[in-house]
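Asks: Just the structure for this:
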Amino acid sequence: MRCKKDVDYTLYLVTDRELMQEGNTLTEAVEEAIMGGVTLVQLREKKVSTLEYYNIACRVKEVTDKYGVPLIIDDRLDIALAVDAAGLHIGQEDLPAKQARELLGPDKILGVSARNLDEALKAEKDGADYLGVGAMFETSTKANPVYVAIDELKRITQEVNIATVAIGGVNEKTVDRLKDTNIDGIAVVSAIIGKEDIRGAAKDLLARFNSLQ
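Replies: Numbers count the residues shown, from 1 in each chain. This is a model prediction of the structure:
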């Protein structure tokens, strides 16, 4: 694997509380996912205040720290720094990767979303540790997603020297289509967090992805 900082990107959970089954708390869901094999957690909160985001991040970090799983904060550099998260993930419309790296310092994980080879190469040059490439397949978790062809994903993994994670519509029905793409992991939202049996869903996806290697 081409992973800096000894990070395991194999099964990357992105949270979304709106997709969760009724009765689950976010911390319970994250713990179940980790127990099912999730290797990295990204906390994504789009509709909360800064204080609420901070408080949620603190609670989730207690769980991820318990299991030694890195916590990545989506978009919000201030929250990532405030809770001493393992890292930050940013999109193409967020703080530029070069500035994010300068503010994070060299030891934190920096992930950048990329939709094509040019964006991937720039992210690598600007200090990213990994790429989130997608949307690979049809997804309801992003408004107006830009889809990435499998051939473009292969071009990216061939040309960059940092970890690459496929995201967007990755689930038990689509993961097999990522065979022979040389990715380091899959990022999953609803196919884990939205399931009644979160632990079982994580185990199944992990097994399916590992069978492709």
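
Asks: and the longest helix for this protein?
Replies: Across the chain, the helix with the greatest residue count (assigned by DSSP state H) is helix 50-67.

Asks: State the mean pLDDT of that helix.
Replies: The average pLDDT within helix 50-67 is 98.

Asks: and that helix, what does it pack onto?
Replies: When contacts are defined as 3 or more Cβ pairs under 8 Å, 6 or more residues apart in numbering; DSSP states H and E, helix 50-67 packs onto helix 26-35, strand 40-43, strand 71-74, helix 77-82. (Glycine included, C-beta is placed from N, CA and C.)

Asks: Just put those in TSV and tack on mean pLDDT, distance to Leu104 and mean neighbour count.
Replies: Formatted as TSV, these follow (pLDDT from 0 to 100; distance: least, Cβ to Cβ, whole Å; neighbours: other Cβ atoms under 10 Å):
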stretch	mean pLDDT	distance to Leu104	mean neighbour count
helix 26-35	98	22	20
strand 40-43	98	15	26
strand 71-74	98	11	25
helix 77-82	98	7	18
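
Asks: Generate JSON lines for the ones you listed, with distance to Ile167 as supplementary columns.
Replies: Listed next are the helices and strands packed on helix 50-67 as JSON lines, based on distance: least, Cβ to Cβ, whole Å:
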{"stretch": "helix 26-35", "distance to Ile167": "16"}
{"stretch": "strand 40-43", "distance to Ile167": "10"}
{"stretch": "strand 71-74", "distance to Ile167": "12"}
{"stretch": "helix 77-82", "distance to Ile167": "19"}
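
Asks: Identify each buried residue in stretch 174-188, please.
Replies: Thr174, Val175, Leu178, Thr181, Ile183, Asp184, Gly185, Ile186, Ala187, Val188 (16 or more other Cβ atoms under 10 Å).

Asks: try stretch 94-101
Replies: Buried-residue list, stretch 94-101, by 16+ other Cβ under 10 Å: Asp94, Ala97, Ala100, Arg101.

Asks: residues contacting Val14?
Replies: Gln42, Arg44, Asp74, Thr141, Ile167, Ala187, Val188, Val189, Ile193 (Cβ atoms under 8 Å, 6 or more residues apart in numbering).

Asks: ditto for Gln92
Replies: Neighbouring residues of Gln92 by Cβ under 8 Å, 6+ apart: Val112, Ser113, Ala114, Arg115, Glu119.

Asks: that older thread, quick one: which of the buried residues of stretch 174-188 is nearest Leu26?
Replies: Using Cβ to Cβ, Val188 comes nearest to Leu26 of the buried residues of stretch 174-188, at 15.6 Å.

Asks: On the strand side of things, show who the closest one bridges to.
Replies: Leu13 (DSSP bridges).

Asks: Does it touch Thr174 like I think?
Replies: No - proximity of Val188 to Thr174 does not meet the contact threshold set by Cβ atoms under 8 Å, at 10.3 Å.

Asks: list residues touching both of the two?
Replies: Joint contacts of Val188 and Thr174 (Cβ under 8 Å, 6+ apart) do not exist.

Asks: Out of the contacts of Gln92, which end up buried?
Replies: Judged by 16+ other Cβ under 10 Å, buried ones among these: Val112, Ser113, Ala114, Arg115, Glu119.

Asks: Turn the residues you listed into JSON lines, columns for distance to Tyr9 and pLDDT.
Replies: Converted to JSON lines, the buried ones among the contacts of Gln92 look like this (distance: Cβ to Cβ, whole Å; pLDDT from 0 to 100):
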{"residue": "Val112", "distance to Tyr9": "13", "pLDDT": "98"}
{"residue": "Ser113", "distance to Tyr9": "14", "pLDDT": "98"}
{"residue": "Ala114", "distance to Tyr9": "14", "pLDDT": "98"}
{"residue": "Arg115", "distance to Tyr9": "18", "pLDDT": "97"}
{"residue": "Glu119", "distance to Tyr9": "18", "pLDDT": "98"}
